[in-house]
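Enquirer: I would like to see how this sequence folds:
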Amino acid sequence: MQTKLVYPIIAQENDDADGHYFVGFTPNLPGVVTHGGTLVDLVINAEDAIATMLDGESYPAVQDPRKWTLQANESIIYVTVDITAWQRRNARKVRRTIAVPQYLSEMVDQRKIDVSRLTIEALEDVFRADR
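Expert: Here you go, the predicted model:
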């Protein structure tokens, strides 16, 4: 079962001695505060912050952001959080040992291939095909 949530956040644009950046927070989830150099960075960081806060918790109802009072440098943006995908990306890793022919091992070393990453992607493809 895949769980996708959409939460509005307040994106506050700042331009001060620290430079130009965005801060995001949401009255839906007190304690969630993040930032980014661009709005795209802010959304990516907000997705991670929201998923971290909600991991293993119940999902609070989304408030209507039209009732929020905004400052001149603030706007509402919506962040989609795919809890299932986030949990998979952040799952605890376990060590597995595999044996490969020597010639492949040499080719992996020459091309600097991340065998763990390649194995994870291949296994995910296998299980995705099974669905």
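Enquirer: mind giving me the domain split of the protein?
Expert: Domain assignment for the chain by automatic domain parsing gives 4-89, 92-131.
Enquirer: out of those domains, indicate the one that is most buried.
Expert: domain 4-89 (a mean of 15; mean count of other Cβ atoms under 10 Å). C-beta here means a position set from N, CA and C on the backbone, and glycine is covered the same way.
Enquirer: show me how far it is from its chain's centre.
Expert: Chain-centre distance of domain 4-89: 11 Å, with Cα atoms, centre = their mean, to the nearest Å.
Enquirer: can you give me the end-to-end span of that domain?
Expert: Distance across domain 4-89, first residue to last, is 15 Å (Cα to Cα, to the nearest Å).
Enquirer: is it true that residue 98 touches residue 118?
Expert: No: using Cβ atoms under 8 Å, residue 98 is not in contact with residue 118, being 10.8 Å away.
Enquirer: for the lengthiest strand in the chain, the averaged confidence score.
Expert: What stands out as the longest strand in the chain, according to DSSP state E, is strand 4-16. Averaged over strand 4-16, pLDDT sits at 93.
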